[in-house]
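K.L.:
this is a predicted model, with the sequence first.
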Amino acid sequence: MRVSVIIPAFNEEKSIPYVLNDIPDFVSQVIVCDNSSTDKTSEIAKNFGAKVVYEKKRGYGNACLKAITYLKNLKEKPEIVVFIDGDYSDDPKEMKKIIDPIVNEGYDFVLGARTKRLRDKYSMTVHQIFGNWLACLLMKIFFNSTFKDLGPFRAIAWDKLMQLNMRDKTFGWTIEMQIKALMKNYKYKEIDVKYKKRLGKSKISGTLKGSILAGKKILYLIFKYYFKKKLGLLW
């Protein structure tokens, strides 16, 4: 299977070497999207052999969309795309656990769930934990979902990713993917993964402003797609 890894990164020079060093050998290509970093993130990524693309417009979704555009333009497309953050909170060595259900069991989408028993103390803030719980509860009520997390470590079949027509440019990227997968009736699964305290400060959950904006965007998308579902509009 051709596996491409997308890493959105903004000022991750301290952590990106660890992430790239631990990428499994079966990965065909690693794309690091430098989201307007002011440090040596790009230089370090290139030294590790990653393909670096650039997105000046800040936003997690913007960075992911830029990397996807790069993959779209390749002659040989990947079969599976893995998303992982550049802060080394998730363990790249666990990637096989994430893609195996797609390769061997026919799943379309697999999410790495940051369960309490496997995550380090203080690796998630109180408002992150509450926000995840609330979002997953609402997805259960509105979309009959079994998701228990919104973790960034995830794998999806390339053709299924293309069908989602991802649009969110900022904080709602992860939940947009999950809701659309539910609305498309994708076969999905969660795999419990380790979760460490990130290297460096979070640009979203590490600030009050970032947390509030992310929370608002997540709730907005849940209700937006719920009402579209009620009206019979897929998107």
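P.N.:
It's in.

K.L.:
model confidence for residue 202, exactly?
P.N.:
Looking at residue 202, its pLDDT stands at 58.

K.L.:
likewise residue 158?
P.N.:
On the pLDDT scale, residue 158 gets 98.

K.L.:
next, the buried residues of the longest helix seen in the chain.
P.N.:
The residue-count maximum for a helix in the chain (DSSP state H) belongs to helix 208-230. Neighbour counts using 16 or more other C-beta atoms under 10 Å place 211, 214, 215, 217, 218, 219, 221, 222, 225, 226 of helix 208-230 among the buried residues. The C-beta positions use only the backbone N, C-alpha and C, and glycine is treated the same way.

K.L.:
with just CA atoms, put it into CSV.
P.N.:
Extracted in CSV, the C-alpha atoms of helix 208-230 (Å, rounded to 0.1, in the frame of the first residue of the first chain):
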residue,chain,number,x,y,z
LEU,A,208,-7.4,30.9,26.0
LYS,A,209,-8.2,32.6,22.7
GLY,A,210,-7.3,29.5,20.7
SER,A,211,-9.4,27.2,22.9
ILE,A,212,-12.5,29.5,22.7
LEU,A,213,-12.2,29.8,18.9
ALA,A,214,-11.7,26.1,18.5
GLY,A,215,-14.7,25.3,20.7
LYS,A,216,-17.0,27.7,18.8
LYS,A,217,-15.9,26.3,15.4
ILE,A,218,-16.5,22.7,16.5
LEU,A,219,-20.0,23.5,17.8
TYR,A,220,-20.8,25.5,14.7
LEU,A,221,-19.9,22.6,12.4
ILE,A,222,-21.8,20.0,14.5
PHE,A,223,-25.0,22.0,14.3
LYS,A,224,-24.4,23.1,10.7
TYR,A,225,-24.1,19.5,9.4
TYR,A,226,-26.9,18.3,11.6
PHE,A,227,-29.4,20.7,10.1
LYS,A,228,-28.0,19.9,6.6
LYS,A,229,-28.7,16.3,7.3
LYS,A,230,-32.2,17.1,8.5
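
K.L.:
state the mean pLDDT of it.
P.N.:
The model assigns helix 208-230 a mean pLDDT of 86.

K.L.:
list the helices and strands it packs on?
P.N.:
Counting contacts by 3 or more C-beta pairs under 8 Å, 6 or more residues apart in numbering; DSSP states H and E, helix 208-230 is packed against helix 126-143, helix 173-183.
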